[in-house]
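>>> below are the sequence and a predicted model for it; my questions follow.
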Amino acid sequence: MSKSLAKQWALCHGAYLRGMKQGSPLLHTHFACVLSTHPCAPARQVAELGVPYVLMHMRGTPQDMQQRRHTAYDNVIADVAAELAQAANAAIAAGIEPWRLVLDPGLGFAKTHEGNLALLAGLPALRAALPPPLACLPQLLGPSRKGFLGRLTGRQVAAERDWATAAAAALCVAGGANIIRAHNVEAVRDACRVADAARRFLP
């Protein structure tokens with residue numbers, strides 16, 4: 001990566017930890033990505049950094065998040081919206097200004113195959129289910145190379161899911177997503193540009 005291109009990238013640090021010490025990589029980050037339902041999410045520490053705070057929806061831990069007790073929803077759209085709102089309100093109470101929050105519904109995290117597809121199709125409904133001012137916050141989606149794309153396409157190797165990722169990313173943007181997390185940035189960028197250009201003509 002060239003130096004000029006590198007300067008355009010923001011450093012993002014995923015936080016799944018009990019606290020930060022002086023010199024932690026999180027102290028030098030531009031974005032903090034935190035699992036919204038984890039009880040040790042370091043909201044107060046992030047509040048002191050003054051950086052955007054990405055709240056990603058998940059239930060359980062990475063080790064058990066796909067167990068049925070975590071993937072069962074009465075209504076995946078309504079339930080994810082409610083749990084994100086709860087986490088966002090806790091972050092605000094910890095001192096993080098609402099305008100620094102970014103919400104991620106957590107594709108592939110504590111979701112069934114059908115739940116992931118329902119989220120892809122229901123992003124406008126998800127935003128509508130959030131209370132103000134949370135409904136106006138940026139939304140980040142990370143469909144890149146996820147397992148549910150492999151199941152749909154028969155691609156068992158994650159690196160072979162870039163075309164499916166581009167399609168999913170375009171759907172996310174068409175549904176109102178503001179930020180897309182991706183591995184193959186070039187392909188996804190082009191797909192998102194097309195989706196965004198078309199979305200601007202929606203009534």
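Structure's in. What do you need?

>>> domain parsing for the chain?
Taking automatic domain parsing as the reference, the chain has its domains at 10-140, 142-203.

>>> strands of this structure, start to end?
Here the chain has its strands, by DSSP state E, at 12-15, 31-35, 53-56, 101-104, 140-141, 179-180.

>>> determine which of the ones you listed shows the lowest mean per-residue pLDDT.
Lowest mean pLDDT within these: strand 12-15, at a mean of 45.

>>> hmm, back to that, kindly report which one of the domains of the chain carries the lowest mean pLDDT.
domain 10-140 has the lowest average pLDDT among the domains of the chain, namely a mean of 82.

>>> that older thread, including mean neighbour count, could the domains of the chain go into a markdown table?
Any C-beta I mention is one placed from the backbone N, CA and C, and that applies to glycine too. Below are the domains of the chain laid out as a markdown table (neighbours: other C-beta atoms under 10 Å):
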| stretch | mean neighbour count |
| --- | --- |
| domain 10-140 | 17 |
| domain 142-203 | 17 |
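
>>> how about the helices in the chain?
For the chain, the helices defined by DSSP state H cover 3-6, 43-49, 68-71, 76-93, 113-121, 123-129, 147-153, 162-174, 185-199.

>>> redo these as JSON lines? Include distance to residue 58.
Converted to JSON lines, the helices of the chain look like this (distance: least, C-beta to C-beta, whole Å):
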{"stretch": "helix 3-6", "distance to residue 58": "30"}
{"stretch": "helix 43-49", "distance to residue 58": "15"}
{"stretch": "helix 68-71", "distance to residue 58": "8"}
{"stretch": "helix 76-93", "distance to residue 58": "9"}
{"stretch": "helix 113-121", "distance to residue 58": "12"}
{"stretch": "helix 123-129", "distance to residue 58": "15"}
{"stretch": "helix 147-153", "distance to residue 58": "15"}
{"stretch": "helix 162-174", "distance to residue 58": "18"}
{"stretch": "helix 185-199", "distance to residue 58": "22"}
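
>>> for the residue nearest to residue 73 when sequence neighbours are not counted, give its distance to residue 131.
Nearest non-adjacent residue to residue 73, counting by C-beta to C-beta, 6 or more residues apart in numbering: residue 79, 4.4 Å away. As judged by C-beta to C-beta, to the nearest Å, residue 79 and residue 131 stand 15 Å apart.

>>> now swap in residue 140 and tell me
19 Å.

>>> for residue 152, same thing?
Residue 152 sits 33 Å away from residue 131, going by C-beta to C-beta.

>>> could you do residue 141 as well?
20 Å.

>>> do the same with residue 156
Look at residue 156 and residue 131: by C-beta to C-beta, they are 41 Å apart.

>>> also residue 109?
22 Å.

>>> could you do residue 139 as well?
Taken as C-beta to C-beta, the span from residue 139 to residue 131 is 15 Å.
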